[in-house]
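Quick one, structure for this:
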Amino acid sequence: MTTEVKNPKIKTPESLRSARWFAPDDLRSFGHRSRAMQMGYGPEDWAGKPVVGIINTWSDINPCHSHFKQRVEDVKRGVLQAGGFPLELPAQSLAEQYVKPTTMLYRNLLAMDVEELLRCHPIDGAVLMGGCDKTTPALLMGATSAGLPMIYVPAGPMLRGNWQGKTLGSGSDAWKFWDDRRAGLINQTQWLEIEGGIARSHGTCMTMGTASTMTAIAEALGMTLPGFSSIPAPDSNHMRMSAESGRRIVDMIWEDLTPNKIQTHAAFENAIAVAMAMGCSTNAIIHVIAQAKRAGCDISLDDFDRFSRIVPVIANVRPSGEQYLMEDFFYAGGLPGLMTRITQYLHLDVLTVTGKTLGENIAGAGVYNDDVIRPVDNPIYAEGALAVLKGNLAPDGCVIKPSACPAHLHRHTGPALVFDDYPSMKAVIDSDDLEVTADHVLILRNAGPQGGPGMPEWGMLPMPKKLLKQGVRDMLRMSDARMSGTSYGACVLHISPESFVGGPLALVKNGDMISVDVPARTINLEISDEEMAARQAAWKAPEPRYERGYGWMFSKHIEQANEGCDFDFLRTDFGAPVSEPDIY
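Next up, the predicted model:
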């Protein structure tokens, strides 16, 4: 397991960025060297060697990254083997399961953390350790803005869940069995057994949720070693690949292989094509748009829709698939195997962190189970995983995952049942007296970037208990929120602009007819333009969510979902590049 790249060195020891801190014969550098010696290091550790910052998002409360406390030692081992000087820099952990109201509120804060950690310290290149949903885009966004050579180490998916001989998938089966419990089909004892069986090891969700989607995208972008994103977290290959990443970053520093040479427009198109073939999370759209903007690439909703119409879903992994999980995907050939089957949609000549092209990286890959990774002429879904809808209800677009919802709901018109916030919806959704039918369109608003705040994963609205008892398991649901990548169903998400800032979703009334046509890519509120204008004129802005602190800053600078939800001042085109720090 080696990249075996022997690209010429461009950097010299004297031109290393860290040499500005350690090399000069002056008082300030005396302080840097003496304080390094205070920690037990000597000149043999840093002199003439690249300093590698290992950004570690481990914490005691993040089960997805619980192995990073040990895995970082594998990365350090690789750095030392290659002649580098490893320094671990802790960063925000963003545990998806525990951070409230949502980790999305803090994705950009982690990106800022990473960018400034790398800029203000004597770092020549970075190993980024992440995996849990928002950590992948946040780490890549921040390190891209910093501009130093970097390589990504994905946490890897956990092992399959198990309960009474049944395979359990993260998230997807939680929603399924919760509906069963609400319908009275399973008891409390069985529910507790499922709790103990659905997550059996460290690592990220083993369904094709946001975590596996975004690490696969990182690999498709060329930012990880080939095949790394598919390796289960407990697999010994994960340890070896971590060490290899440590070795490789040292060479990347000498080669001056910076992210701007890898993250091109063509690379982002590869990422989108792979995401579609994987049956990706809807969250991919927001994160990839934000990542692309950091890299100076113009990627939009239209790019996703263009690829969704031509790239079939061939990864038979839940929730788009019916049976398999990420562990099965790894055994079947992983992401390199999948990419060999969609080469007609890929730019094979793009550069990657190996120093080789994508085509070279996947040349020896194969597929070992045609049911897990399907041929393109036998997909699980003929078009891509996502569809972008536009219309008078979502002028700037919204997204649905047609591969994970019933076909009969791809075209639907029904009356709106509107909830202004999650508590009001939760208070009545289990009531047998709720006036709702399977034809209704459930709407949750004020759950977007500013309204949530932070655009929480509330978009998979719970099915009304009244309908569950009738055997109805899906209906059209809409919001300006997001939903977990492990979720499924006829959920229209990311409606832009959001209702909290006066988007058309704020103007819907109970009983209004809503029409969705996925094949035609349309979504409309069936009222006249005159009525829409009258309602808009009567709309009053809600009170701001925050009046101080980080939340206040977030609200002032957060972009809408169709723009990637980055802070406006962090975009590459916001201003001149940040210069290197002064050292006096």
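
if I've got this straight, Leu389 is in a helix?
No: read with DSSP: H, G, I helix; E, B strand; the rest coil, Leu389 is strand and lies in no helix.

Please list all residues in contact with it.
Counting by CB atoms under 8 Å, 6 or more residues apart in numbering, Leu389 touches Gly397, Cys398, Val399, Ile400, Val492, Val516, Val518, Arg521, Thr522, Ile523. C-beta here means a position set from N, CA and C on the backbone, and glycine is covered the same way.

Format those residues as JSON lines; extra columns: distance to Ala292.
As requested, the contacts of Leu389 are exported to JSON lines (distance: CB to CB, whole Å):
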{"residue": "Gly397", "distance to Ala292": "16"}
{"residue": "Cys398", "distance to Ala292": "19"}
{"residue": "Val399", "distance to Ala292": "16"}
{"residue": "Ile400", "distance to Ala292": "22"}
{"residue": "Val492", "distance to Ala292": "24"}
{"residue": "Val516", "distance to Ala292": "28"}
{"residue": "Val518", "distance to Ala292": "25"}
{"residue": "Arg521", "distance to Ala292": "21"}
{"residue": "Thr522", "distance to Ala292": "26"}
{"residue": "Ile523", "distance to Ala292": "24"}
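
how far away is Gly355 from Ile198?
40 Å (CB to CB, to the nearest Å).

same check, this time on Asp303
In terms of CB to CB, Asp303 sits 35 Å off from Ile198.

Same check on Pro63?
For Pro63, the distance to Ile198 - CB to CB - is 12 Å.

Among the two, which residue is more densely surrounded?
Between Pro63 and Ile198, Ile198 has the larger neighbour count (other CB atoms under 10 Å), namely 22 against 19.

for the one helix or strand Ala275 maps to, the distance to its chain's centre please.
Secondary structure from DSSP states H and E places Ala275 in helix 265-278. When distances are taken as CA atoms, centre = their mean, to the nearest Å, helix 265-278 is centred 14 Å away from the chain's centroid.

on contacts alone, who are the packing partners of it?
Counting by 3 or more CB pairs under 8 Å, 6 or more residues apart in numbering; DSSP states H and E, the packing neighbours recorded for helix 265-278 are helix 210-221, helix 283-294, helix 301-308, helix 334-340.

Return the residues in contact with Gly184.
Going by CB under 8 Å, 6+ apart, Gly184 touches Lys469.

pretty sure it belongs to a helix, no?
No: using three-state DSSP, the secondary structure at Gly184 is coil, not a helix.

In contact with Gly391, which residues are there?
So Gly391 contacts Thr522, Ile523, Asn524, Leu525 (CB under 8 Å, 6+ apart).

rerun that using 7 Å as the cut-off
Thr522, Ile523, Asn524 (CB atoms under 7 Å, 6 or more residues apart in numbering).

Kindly report the same for Gly130.
Thr57, Thr136, Leu139, Ala155.

Now with 10 Å, please.
55-58, 64-65, 68, 91, 93-94, 110, 114, 136-140, 152-155, 204, 211, 214-215, 218 (CB atoms under 10 Å, 6 or more residues apart in numbering).

now do Gly366
Applying CB under 10 Å, 6+ apart, we find Gly366 in contact with Ala332, Gly333, Pro336, Gly337, Thr340, Ile373.

switch the cut-off to 7 Å
Contacts of Gly366 (CB under 7 Å, 6+ apart): Gly333, Gly337, Thr340.

How many neighbouring residues does the first one have?
The number of residues packed near Gly333 is 22, by other CB under 10 Å.

Identify the residue nearest it in space, chain neighbours excluded?
In space, and not counting its chain neighbours, Gly333 is closest to Val367: 4.3 Å by CB to CB, 6 or more residues apart in numbering.

Distance-wise, check the one you found relative to Gly359.
Val367 is 17 Å from Gly359, by CB to CB.

Show me which helix runs longest in this protein.
What stands out as the longest helix in the chain, according to DSSP state H, is helix 236-255.

From the contact counts, what lies against it?
Counting contacts by 3 or more CB pairs under 7 Å, 6 or more residues apart in numbering; DSSP states H and E, helix 236-255 is packed against helix 68-81, strand 125-130, strand 150-154.

Which of those sits closest to Glu531?
Glu531 lies closest to strand 125-130 among the helices and strands packed on helix 236-255, at 47.1 Å (CB to CB).

Which SSE is immediately downstream of the closest one?
helix 135-146.

Would you mind listing the buried residues in that next one?
Thr135, Thr136, Pro137, Ala138, Leu139, Leu140, Met141, Gly142, Ala143, Thr144, Ser145, Ala146 (16 or more other CB atoms under 10 Å).

Just give me the closest of these to Met326.
Relative to Met326, the closest of those is Thr136; by CB to CB it sits at 14.6 Å.

separation between the residue lying closest to the closest one once chain neighbours are set aside and Glu244?
Nearest non-adjacent residue to Thr136, counting by CB to CB, 6+ apart: Met214, 3.9 Å away. Counting by CB to CB, the gap between Met214 and Glu244 amounts to 21 Å.

more crowded one of those two?
Neighbours were counted for Met214 and for Glu244 using other CB under 10 Å; Met214 has more, 34 against 22.
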